[in-house]
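K.L.:
structure for the following, please:
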Amino acid sequence: MSAHRFDVLGLGNAIVDVIAPVDDEFLVAAGLHKGSMQLMDEARAQWLYDAMGATTIVSGGSAANTIAGLGSLGGKGAFVGKVAADEAGRAFAHDIRAAGVHFATAPATDGPSTARCLVLVTPDGQRTMNTFLGACQNLTSADLDAADIAAARILYLEGYLWDPPAAKQAFIEASRIAHAAQREAALTLSDVFCVDRHQQEFLGLMRDGFVDILFANESELHALYQTSDFATAVAALRQEKVIAAVTRSEKGAIVVHGDKTFEVPAAPIDNLVDTTGAGDLFAAGFLAAYTQGRSLDYCARLGSLAASEIIQHFGARPEVELAQLAAQSLYLREHREEAQRA
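P.N.:
Prediction:
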């Protein structure tokens, strides 16, 4: 195996997030299902944007958020995603490079504009996402740099990318390149409705060896195995030949690897503001620790700590240096003390 240049290379949708606080009545009036993610065309995006009121605009995209979080933890990250040569695309490229992430995907000079996700956040912190995929749907295998993929310890694949057919082919090709270089590939299921659309294919990705590490939340895991019982879903997960990290909101997280299970409590928070990006940043913390050879329970703890920072403010990019937060964390110190006693 050759030396690596990156800890993690993410492949995903390059999106600019437009975030606004709303009440439940707004969602009802707009015909939106709370907590869901739905795709929309450009006309619907403009209508909803006009109705939202005051907004906060930040670069987003699930895998891009994860790689930015990895950088905040001191990791070396790269990202592949398609933007247009427009103002939003230039803002996305600036933001992710400013986070220390290698981003070299050429922008599209024709076709639809850069993708936007309109994120409606209710007072309980739940987010309802409405996405115009725009330029990021046009990611193809031609946008892949085989040398970059082979030079990353982990290839991180975003489940949302499974929707556009050309991007799906890029997804598969990237996994083949990574495995040919004796690297590992991780998949985040992204969203329960994404799992509903592709349940059998996601299972196939694990069972056919395209995926070595799986990230999911509790609802996504239920959808993957089509059961409402968590214990039943976990029992099914044990049969897969993957490391699986499952987040459970305030109940913490579990990691399943064959017959081994590691459970960690949620990192404490002062104030829940916006759950946007919680899963993305959990993956960032987990992979930052994993690429440094840390134990699976510590990986989950670092993931939980990173997620706890992101849910206490609007936006899915860290507002503090996560490496410094980790160095000062009593939550992580408790893990080290438990490990020493064991």
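K.L.:
residue ranges for the helices of this structure, please.
P.N.:
24-29, 42-52, 62-72, 87-98, 146-150, 165-180, 192-207, 218-225, 230-237, 278-290, 296-310, 322-327, 330-341 (DSSP state H).
K.L.:
for Val83, give me its contacts.
P.N.:
By C-beta atoms under 8 Å, 6 or more residues apart in numbering, Val83 lies in contact with Ala14, Gly89, Arg90, Phe92, Ala93, Thr105, Pro107, Ala108, Thr114, Ala115, Ala135, Cys136. Bear in mind the C-beta positions are built from the backbone N, C-alpha and C, glycine included.
K.L.:
the residue nearest to Arg248 when sequence neighbours are not counted: neighbour count?
P.N.:
Of all residues not flanking Arg248 in the chain, Glu218 sits nearest, at 4.9 Å (C-beta to C-beta, 6 or more residues apart in numbering). Neighbours of Glu218 under the rule other C-beta atoms under 10 Å: 18.
K.L.:
quick one, which of the helices of the chain is nearest to His257?
P.N.:
Of all the helices of the chain, it is helix 296-310 that lies closest to His257, at 6.3 Å by C-beta to C-beta.
K.L.:
and that closest one, what does it pack against?
P.N.:
Where contact means 3 or more C-beta pairs under 8 Å, 6 or more residues apart in numbering; DSSP states H and E, helix 296-310 is packed against helix 62-72, strand 243-247, strand 253-257, strand 260-264, helix 278-290, helix 322-327, helix 330-341.
K.L.:
mind putting these in a markdown table, distance to His222 and mean neighbour count included?
P.N.:
What follows is the helices and strands packed on helix 296-310, written out as a markdown table (distance: least, C-beta to C-beta, whole Å; neighbours: other C-beta atoms under 10 Å):
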| stretch | distance to His222 | mean neighbour count |
| --- | --- | --- |
| helix 62-72 | 19 | 30 |
| strand 243-247 | 10 | 24 |
| strand 253-257 | 14 | 22 |
| strand 260-264 | 17 | 16 |
| helix 278-290 | 15 | 29 |
| helix 322-327 | 29 | 17 |
| helix 330-341 | 27 | 12 |
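K.L.:
and Val80, how far is that from Gln182?
P.N.:
Plainly put, Val80 is 20 Å away from Gln182 if you go by C-beta to C-beta, to the nearest Å.
K.L.:
again with Arg116
P.N.:
Arg116 sits 38 Å away from Gln182, going by C-beta to C-beta.
K.L.:
rewinding a little: who's more crowded, Val80 and Gln182?
P.N.:
Higher neighbour count among Val80 and Gln182: Val80, with 26 against 9, using other C-beta under 10 Å.
K.L.:
residues in contact with the more buried one?
P.N.:
So Val80 contacts Leu9, Gly10, Leu11, Gly12, Phe103, Thr105, Leu139, Asp143, Leu144, Asp145, Asp148, Ala174 (C-beta under 8 Å, 6+ apart).
K.L.:
what's across from it in the sheet?
P.N.:
Counting by DSSP bridges, Val80 forms beta bridges with Leu11.
K.L.:
correct me if wrong: Val264 contacts Gly252.
P.N.:
Yes. Applying C-beta atoms under 8 Å as the test, Val264 and Gly252 come out as touching, 5.2 Å apart.
K.L.:
give me the common contacts of those two.
P.N.:
Looking at what touches both Val264 and Gly252 (by C-beta under 8 Å, 6+ apart), the common residues are Ser304.
K.L.:
low-confidence ranges in the stretch 151-300 of the chain?
P.N.:
Residues of the stretch 151-300 of the chain meeting the criterion pLDDT under 70: none.
K.L.:
next one: stretch 57-77 to chain centre, how far?
P.N.:
9 Å (C-alpha atoms, centre = their mean, to the nearest Å).
K.L.:
now do it, average pLDDT.
P.N.:
The average pLDDT for stretch 57-77 rounds to 93.
K.L.:
what's the end-to-end length of that stretch?
P.N.:
Taking C-alpha to C-alpha, to the nearest Å, stretch 57-77 runs 23 Å from one end to the other.
K.L.:
and if you look at stretch 258-274?
P.N.:
Start-to-end span of stretch 258-274 (C-alpha to C-alpha) is 33 Å.
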